[in-house]
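# this one's sequence-less:
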């Protein structure tokens, strides 16, 4: 402790080398160099901040900042790609109805996607969100490949109801909305509950290929029985039960007489004992004219 009244001695400033007691020449020189270095570092830092701020403002004003920001955020991806981990191939198995674009979009694979940073779990979930996909497996194959195994739901028919058309699976479950021509070749069933009864009908039509080939739509009438619409304009009325046997009879008749090429517009198979046909209006008019002409000729022959 200092004695009472003892004067406090002011310590010299460390930067004032001349005031440092006992400082050697080398110490004085070192202190001076450190002071200059500190001042220079401060100046360089200020210059760096100035130039950095100016460059940042220039990028923002020029609209380049988003690109630069993305490059900074994706530096790890760029580095991985430079090291040979960029995805160059996607191998798929089980792909039938899905397009390549649909698969790549669900996987999230782009031109610059790096394999180490692809989330395969999220990619699988995106694939599973597609109604056509029943199951999927996604695996990485280093350094630059991705393998995808797909189990697709098989499109079976188109179902028209309530003003919309949906793609059906074999069990009658709607898969997706009908949006493009990939599924235009599928048979069309129409009406409420037609999706639940379609498989049995199509199985029966498979045994009558000539009828199947001519059929473009099947209408479920009153949720009880089917009417077939043929490409020739003929409507075939099937019975509520036993329509497989009725189709077999019509298949045989078509093979022998080519009834669909004649002027008829309805073939009624609802009776198991007979086939009833209805002529088109044009054919009916022609037959009426023919009957009149025959009657007139007979009458004239009787007068002679």
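Here it is on my side, so go on. Bear in mind the structure is a predicted one, so any value in this text is a computation, not a measurement.
# what about residue 175, which helix or strand?
Assigning secondary structure by DSSP states H and E places residue 175 in strand 174-177.
# pull up the pairing partners for that strand, direction included.
Under the criterion DSSP bridges, strand 174-177 sits next to strand 164-168 (antiparallel) in its sheet.
# now the partner strand: buried residues?
Of all the residues in strand 164-168, those buried under the rule 16 or more other CB atoms under 10 Å are 166, 167, 168. (C-beta placed from N, C-alpha, C; glycine too.)
# so what's the last one bridging to?
Spelled out, that is residue 168. In this structure, residue 168 bridges to residue 157, residue 174 when assessed by DSSP bridges.
# where does residue 105 land on pLDDT?
pLDDT, residue 105: 93.
# same deal with residue 44?
pLDDT, residue 44: 54.
# next: residue 32.
The model reports residue 32 with a pLDDT of 61.
# what does residue 190 give?
At residue 190, pLDDT is 97.
# so who does it touch?
By CB atoms under 8 Å, 6 or more residues apart in numbering, the contact list for residue 190 reads 159, 160, 161, 217, 218, 219, 220.
# for residue 189, which non-adjacent residue is closest in space?
Among residues not flanking residue 189 along the chain, residue 198 sits closest, at 4.5 Å (CB to CB, 6 or more residues apart in numbering).
# A helix includes the one you found, no?
Yes. Assessed by DSSP: H, G, I helix; E, B strand; the rest coil, residue 198 belongs to a helix.
# that one against residue 218, yeah?
Yes. Taking contacts as CB atoms under 8 Å, residue 198 lies within contact range of residue 218: 7.5 Å.
# so where's this structure uncertain?
Counting by pLDDT under 70, the chain has low-confidence residues at 1-78, 80-81, 281-304.
# for it, just list every one of the helices.
25-61, 65-73, 75-80, 100-107, 120-128, 194-206, 209-214, 243-257, 281-303 (DSSP state H).
# what angle sits between the fifth one and helix 100-107?
Relative orientation of helix 120-128 and helix 100-107, computed by axes from the mean of the first three to the mean of the last three CA atoms, to 10 degrees: 140 degrees.
# who's in contact with helix 120-128?
For helix 120-128, the external contacting residues (CB under 8 Å, 6+ apart) are 103, 106-108, 133, 135-140, 148, 150.
# so how many other residues sit close to residue 272?
Applying other CB atoms under 10 Å, we find 11 residues neighbouring residue 272.
# separation between the residue lying closest to residue 235 once chain neighbours are set aside and residue 170?
Among residues not flanking residue 235 along the chain, residue 266 sits closest, at 5.2 Å (CB to CB, 6+ apart). Distance of residue 266 to residue 170, computed by CB to CB, to the nearest Å: 31 Å.
# and residue 149, by the same measure?
21 Å.
# surely residue 231 is in contact with residue 211?
No. Using CB under 8 Å, residue 231 is not in contact with residue 211; the gap is 11.2 Å.
# out of these two, which sits in the more crowded spot?
More crowded of residue 231 and residue 211, by other CB under 10 Å: residue 211, with 20 against 11.
# look up how far residue 158 lies from the more buried one.
18 Å.
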